[in-house]
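[1] just coords:
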């Protein structure tokens, strides 16, 4: 069994024809469990959860249209899961929970893309890395990963070490290991799985999320995994999966978590 639970329609349209391009690519690549997880900030219904000027310029969907797209896909016999990628927002747990419960998601991804008003993975903010304290940024980023896991609101944590995207990485390995220890301790006590994301291989860092040392801690602490590509275009579905599968198996993983209708089931890793 292979999964790809992290993908986005945002570069196209919320239409069956565009969705089908993603689903067809998943089938061609032997991915049995495929899901769309559109960014929550695109939807008007999340304005009370997170609102930044950068997001407001990109808020143009309605949740009813999103839900109806998947209903139509189901009527057509299209096998695709409905998810959302929520920007984890400290202090908005009640609002995030209400939103998640309001819609029939098969699973929900929680991710950290912002440290205060710093969009850590956005090209527009890249120069900020040279203006800020690297260790403070990393600590603040992982503070949010900890509370994301502790909230127990999410089924999957997206690209858990996204903070490395532009190759700004602390040289102090002890510091990094401390961060890895505390986030895996939090994940160990939550329902949240970790995704092995091949997306990092097409980013400036050129490395899978997460780092092998972090994934090894996840394995030792019994934290389940899923496979994802973070595809933003149909051809990116299942991209570089050979490397992700190789890493998972080298670490010791033999199983994946799958999701449907909010229920989870562990299956053999293909």
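    Nice, thanks for sending it over. Here the structure is a predicted model, which is why all the values come from computation and not from measurement.

[2] other SSEs contacting the host helix or strand of residue 98?
    Element membership for residue 98, per DSSP states H and E: helix 93-101. Contacts defined by 3 or more CB pairs under 8 Å, 6 or more residues apart in numbering; DSSP states H and E place helix 93-101 against strand 81-87. Bear in mind the C-beta positions are built from the backbone N, C-alpha and C, glycine included.

[3] paired strands for the strand it packs on, with orientation please.
    strand 33-39 (parallel), strand 109-111 (parallel) (DSSP bridges).

[4] measure how far the longest one is from the centre of its chain, please.
    Just to be clear, that refers to strand 33-39. 9 Å (CA atoms, centre = their mean, to the nearest Å).

[5] hmm, who's touching it?
    For strand 33-39, contacts defined as CB atoms under 8 Å, 6 or more residues apart in numbering pick out 1-10, 19, 22-23, 26, 61, 66, 70, 79-85, 87, 106-107, 109, 158, 237, 258-259.

[6] now do stretch 6-23
    34-39, 42, 58, 61, 65-66, 69, 72-73, 76, 78-80, 85, 109, 156, 158, 195, 197, 199, 228-234, 236-237.

[7] what average pLDDT does that stretch get?
    The average pLDDT within stretch 6-23 is 96.

[8] what is the neighbour count of residue 97?
    Using other CB atoms under 10 Å, residue 97 has 13 neighbouring residues.

[9] isn't it up against residue 153?
    Yes - at 5.8 Å, residue 97 and residue 153 qualify as touching, with contact defined as CB atoms under 8 Å.

[10] shouldn't residue 49 be in contact with residue 95?
    Yes - between residue 49 and residue 95 there is a contact under CB under 8 Å: 4.7 Å.

[11] what do those two both touch?
    With CB under 8 Å, 6+ apart as the test, residue 49 and residue 95 both reach residue 89.

[12] for these two, indicate the residue with more neighbours.
    residue 49 (21 against 15).

[13] contacting residues for the most centrally placed residue in the chain?
    Centroid-nearest residue in the chain: residue 158, 2.4 Å away (criterion: CA atoms, centre = their mean). Residue 158 makes contacts with 6, 37, 85, 109, 110, 111, 195, 197, 228, 230, as judged by CB under 8 Å, 6+ apart.

[14] and the strands in this structure, which stretches?
    3-4, 33-39, 81-87, 109-111, 114-115, 118-119, 156-157, 193-197, 225-228, 255-260, 263-268 (DSSP state E).

[15] now those strands as CSV including mean neighbour count?
    What follows is these, written out as CSV (neighbours: other CB atoms under 10 Å):
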stretch, mean neighbour count
strand 3-4, 29
strand 33-39, 24
strand 81-87, 23
strand 109-111, 26
strand 114-115, 21
strand 118-119, 16
strand 156-157, 26
strand 193-197, 26
strand 225-228, 26
strand 255-260, 19
strand 263-268, 12
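
[16] any chance of these in JSON lines, with distance to residue 219 too?
    Shown next, in JSON lines, are the strands of the chain (distance: least, CB to CB, whole Å):
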{"stretch": "strand 3-4", "distance to residue 219": "17"}
{"stretch": "strand 33-39", "distance to residue 219": "21"}
{"stretch": "strand 81-87", "distance to residue 219": "24"}
{"stretch": "strand 109-111", "distance to residue 219": "20"}
{"stretch": "strand 114-115", "distance to residue 219": "27"}
{"stretch": "strand 118-119", "distance to residue 219": "31"}
{"stretch": "strand 156-157", "distance to residue 219": "15"}
{"stretch": "strand 193-197", "distance to residue 219": "10"}
{"stretch": "strand 225-228", "distance to residue 219": "8"}
{"stretch": "strand 255-260", "distance to residue 219": "11"}
{"stretch": "strand 263-268", "distance to residue 219": "14"}
